[in-house]
Each structure stands twice: as structure tokens, then as C-alpha cells.
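1. Quick one: sequence and predicted model below, then my questions.
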Amino acid sequence: MTFEDPEEQKGSERVSIGRLVLYIVPLLLFATAIIVLAVIAVKYQKVGFGDDAVTVPDTATTVSTGGVATTRSDQSRDPTERKQPHIIYMMPDDLGYNDVGWNDITIKTPRLSELAQQGVKLANFYTMSACSPSRVALMTGRYSSNVGGQHYTYLGDYPHGAPTYYDLLPKRLQDMGYSTYGIGKWHLGFCNSSFLPLNRGFDHFFGFFNGGVLFHDHTNSEKGPGYPGQYLGIDFHDDLEPVRGEGYDGVYTSELFEDKMRQYIRGHDPSVPMYLYVAYQQPHGPRVVPSQWTELYPHIENHNRRVTAGQLTLMDAMAGNVFDELKRAGMYDDSLIIFHSDNGGHVNSGASNWPFRGNKGTFFEGGIKGVGFVAGKGIQKTGYTHDGLFHITDMLPTIVEGVLGGTVERDLDGINVWESLSKGQPSPREEMLLTVDTEFAHVNGTLGCNVTAIRYKEWKLIVGFPTFSYEWDEFGWYPPRYLEGGYEDIMIPAPEPRDTEIYLFNLKEDPYETKNLADEFPGMVTQLRERLKKFEDKAWTYWPEPDPAANPANFGGVWETGWCNLNE
């Protein structure tokens, strides 16, 4: 038996202990890191979509919005931490539910129909009943009656607009690093510069300030394009400057809009997120379109319906050209595309809300059920129709909070429905205000109105005269017109007397509102009227007197800003 030298043995032990330390210390450090990461995982949550998701502190709180629990994050996010999608937001003007190829196969909208099939069609997307009330709801995320903008529409000689103390959607996106471009219809005020698109979040805007213009000479009156009024002026602007003369005069507006959209996309840096808001003029009146588009519909004898169909196919071609331009720029695959109408179609002029009841301006389904879809970046479940409830006010919080991980105020009326749109989850919305517009009940004629309306789950209540104007009384059903004649020739009249003051419908059992259940379910009427009270208490209307200072003659024949001191 041999023994090691004690000193050599000590040296060997020191070497072994040293080696053990070299192995154990990294293991301890690794274990510590795992524990720290586990703690962080509890503290932090993942937001966003797909591979672009990022982690943010879990400081969200649950709040109630209209009786529905939603999540609002208290923690702001740095938009540079994530790859943000380009957002292409398309909103036609007065598009009826039956004015697209996926609802009426006789209407040729191949590019939009294809994209709708590839995305998520929205069966129950609700808007306001007319132009500017829907736009102010979209851009603020608030019911238009909560921002004073629900009454009729913003008229050219009235000094009003979307309240400037609210940041509009493009401003929020601009603050999150987006380059923002607006095309087409503004209709949110212009009497002084604080209301103009470039002061509400758009880097560039090309279009008209009022509710519409004539398609070739780009003029309108204070009452709208083609309507006689006291004043007449050109309403076409590129950023802040009016545009007219060579290259503009006599050119159909859609050609100008398409050229500008191409210009915006070609000049845009694809590494910077783009927000392109396309507020189409189609199919709003007047009914004018180049003949190459109406020639596609020789089977439609009715002039208004044939021109409307031509406008719709032109609109589709414009959308397709935008998609192609995005592809050439390498931006299409990174684009989230949102498409929906601003309100129901104007049946008097050739639109069709069939099979739903009512006209634009009414609070029957045909006036407020928008046709729409979402597609592209971030939409994980595709190729189906979502039947959940959605409202136009939902789009602001959905984009800012749901898509981009930003923050929104707790008092918004809109709800973040991104999980529903992107993954097909049930919509969190059960209730929506349709309108509170009662301050002009004593006024006769066009500006007179007295109506409140609400939807709660499958139930819908309308109290009062069911339109935004006493002069709009198309309460029946209007199949699409293919033969010559007026819309009265094909109208299926309303079953109730014109002076009916309470309408109650179960939209699950009767989506086309054929039977008024108010007398059969008085308890439900009472319950819904109680639900309306919280909205009635909050509602207000700003409706000033018209101001002759708006006269375009004061500005060289142009509808221009700078004629009011209003700063809402």
C-alpha cells in the first residue's frame, strides 16, 4: 500500500475544488437567471400579434365601458420597439349593404371581394346614419352624441367641427411614429385652421373639406354637391392649398385621388409605418361616372342603379390599384387593411341596403348596418364571417391599443376588439348607442329631429321619429332597382303608421325588422329605455347659426378656412 504525499494531496484537493467551483458557479448563475425570468414573466405580459409581439409591464386595469368589461393599459409603449403594420383604411361614402359583390353577385367588385374572402367579413358592423356623425365617431372613438356631433351633418356655412380638445385617430398614430396620409372626404370642420386635417394628425391631405363635390368641376354649395344653395365654390385642397386650373379642372375626382395615392405610396419610406386613410367619394351622389364603367352593366335599365354599379366597380379598381402599388413598394404583406362603409346607402339615388330595412339617415338596419371586412397583417383566423357586434367607435381603440399596444382613455365609448377581429374570439360588445338626437324636436323641416335608439344584445329600441331629419321618411324595404322607374316603384312599404313613436325588434329572430314588438314586450321597452338614460344624460349637441362669412366669394371662389373664431 502506498500513500500520497500530504502536500500533493492538498494541492490535488485545491485543484478539484477549483474545478468544482468552475462548474457550480455558472450553474448557480443560470438557475438565478431562470428564477429572475420567471418573476419577470409573471410581472410582464406579451402583447401584439404573431412574431412582432413585444413585452410590456402588466399594469393594465379592467374598467367598464357601457356595461362591458374591457382592459386598458396604464403603461405607455415605445412604438420603435416593434414592427408596426402599415394601416390602409378605406371608407366608401353611402355604400349600401347590397352594393358589394360578396352580397350581390351582379355587382362587379372582384378585388375587394377577393380580399374580403381572404379576411374576415363583418356581419354586424354598425355606424351612425350619416356622414359626419360616423366620421367623428370613428376619429374620436366616442359616440357622436357625446361629442356634440350627432345632429344631421356638418354643413359648409356652419362654424362647427370635431372638437379640437380630442386627439383624432391620425394624431394618435402620428405620435406613435406613423406617417399619415388622407385622401378624399374630410367633413369634420374647416371654419378655422384648428379643424383642418393637417392640424388633426395628417402629414398630408388631398381632397375636399365638405360633404362632397361635383365630380368634374369640384364645386359644391353649402347644402351639398348638386344642391342649390346661397353659395357656390371650389372645394379641393392639396394639404393647405386649394387646387384648380390645368391638370385639375374637368378631371374626374377619382382619377386625381388615385394619382395622389400612387404618389404617396411611391414617395413613402417602407421602413416607416404608413397610415393611409382613403375616404372614397363613391358611391355618394351626384350619380356621375365615366361611361366605360356603366357599359359593364347593360342588363341594368335603371339609370341611377346602373351609374351606382359603375361607381362601385370604379371604386373596386381604385382599391386594386392601391393594393398593386403597395405590392410594388414591398409594403403589401405588412399592411393591415380595414374596409367599411360610413353609413347605409342612399336608396333614392340608386344604392341598395336590401334585404335590410330603411334608407341612409334612418336608424333601421339599412341606415346603420355597415358592410365591411378586415384583412392582412395580424389577422390570424381568416376566410369566414364574424357575427359579433362591432361599432365604428371600436376602431380607434382597436388600432391604437389592440394592434399597436398603445394606450387609450378609459372614458372612450369604443372597445378594443382586436382579439375578436384577429383571432375570431367572441366580440366583447353587447350594447351600443345608436343615437340621442332630441334637441331639435321643435324644428320643422330638414333640420328637425327627435329620436333616440339603442341596441342591447339581440334587442333594438327606437324611440321617436326614426331618422336624422323629419324630411327623410324612407321606412320600408327597397330591393335593388334593375328596371326603369323610381325607388317608389319597388318599395315595400313600412307596416307601421308614419307617426309610430316606439319600435322594438328582436334582431336575432327578425333581422329585417318586419315586426314591431313594442306592444307585445312592454317590459323590454321599459328596460331599454332605462339603459338609454345614461346616454341621454351625457348627450349634447353643438349646432350654431350659419355664418355668411363662409361664402366662397370671400376667398376667391374657394371653400376656405379662416372665417370663424370657434375653438371647441
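-> Perfect, thanks for sending it. Here the structure is a predicted model, which is why all the values come from computation and not from measurement. Numbering: from 1, shown residues only.
2. Wasn't L461 part of a strand?
-> Yes. Counting by DSSP: H, G, I helix; E, B strand; the rest coil, L461 is found in a strand.
3. Tell me how far the closest residue to it other than its chain neighbours lies from P546.
-> In this structure, L461 finds its nearest non-sequential neighbour in L528, 4.0 Å apart by Cβ to Cβ, 6 or more residues apart in numbering. (Each C-beta comes from the backbone N, C-alpha and C, glycine too.) From L528 over to P546 the distance is 36 Å, taken as Cβ to Cβ, to the nearest Å.
4. hmm, back to that, burial of the residue nearest to L461, as a residue count?
-> When neighbours are counted by other Cβ atoms under 10 Å, L528 registers 23.
5. Please apply the same query to H346.
-> For H346, using other Cβ under 10 Å, the count is 27.
6. Surely it and K360 touch.
-> Yes. At 4.5 Å, H346 counts as touching K360 under the criterion of Cβ atoms under 8 Å.
7. Overlap of the contact sets of these two?
-> Contact criterion Cβ atoms under 8 Å, 6 or more residues apart in numbering; residues shared by H346 and K360: D94.
8. what distance separates the lengthiest strand in the chain from the middle of the whole chain?
-> Longest strand in the chain, counting residues (DSSP state E): strand 431-440. Mean C-alpha position of strand 431-440 versus that of the full chain (Cα atoms, centre = their mean, to the nearest Å) differs by 19 Å.
9. So which elements touch it?
-> strand 449-456, strand 459-464, helix 522-538 (3 or more Cβ pairs under 8 Å, 6 or more residues apart in numbering; DSSP states H and E).
10. give me that answer again for 10 Å
-> If you count contacts as 3 or more Cβ pairs under 10 Å, 6 or more residues apart in numbering; DSSP states H and E, strand 431-440 packs onto strand 120-126, helix 131-140, helix 365-368, strand 384-391, strand 449-456, strand 459-464, helix 522-538.
11. Name the next helix or strand downstream of the shortest one, please.
-> If you walk from helix 365-368 toward the C-terminus, the next helix or strand you reach (DSSP states H and E) is strand 369-376.
12. Was I right to think M176 contacts G405?
-> Yes. Because the distance of 9.3 Å satisfies Cβ atoms under 10 Å, M176 is recorded as touching G405.
13. More neighbours: which of these two?
-> A count of neighbours by other Cβ under 10 Å puts G405 above the other of M176 and G405, at 27 against 20.
14. Next one: that one relative to V374, how far apart?
-> 18 Å.
15. next one: V213
-> 29 Å.
16. Quick one, grab the pLDDT at G67.
-> You'll see G67 listed with a pLDDT of 31.
17. and the residue nearest to L461, what does it touch?
-> Counting by Cβ atoms under 10 Å, 6 or more residues apart in numbering, L528 makes contact with 431, 452-456, 459-463, 502, 504, 521.
18. cool, and K460?
-> Neighbour list for K460: 363-365, 368, 432, 434, 453-454, 503-507, 510, 513, 517, 528 [criterion: Cβ under 10 Å, 6+ apart].
19. Just the pLDDT for it.
-> pLDDT at K460 comes out at 98.
20. start to end distance for stretch 143-150?
-> Start-to-end span of stretch 143-150 (Cα to Cα, to the nearest Å) is 8 Å.
21. One more: stretch 163-171?
-> Per Cα to Cα, stretch 163-171 runs 14 Å from first to last residue.
22. For it, buried residues please.
-> The neighbour-count check on stretch 163-171 (16 or more other Cβ atoms under 10 Å) flags 163-164, 166-171 as buried.
23. Farthest pair within those?
-> P163 and P170 (15.4 Å; Cβ to Cβ).
24. Please tell me how far the residue nearest to P493 when sequence neighbours are not counted sits from G464.
-> Sequence neighbours aside, G476 is the residue nearest to P493 in space, at 4.7 Å (criterion: Cβ to Cβ, 6+ apart). Using Cβ to Cβ, G476 is found at 18 Å from G464.
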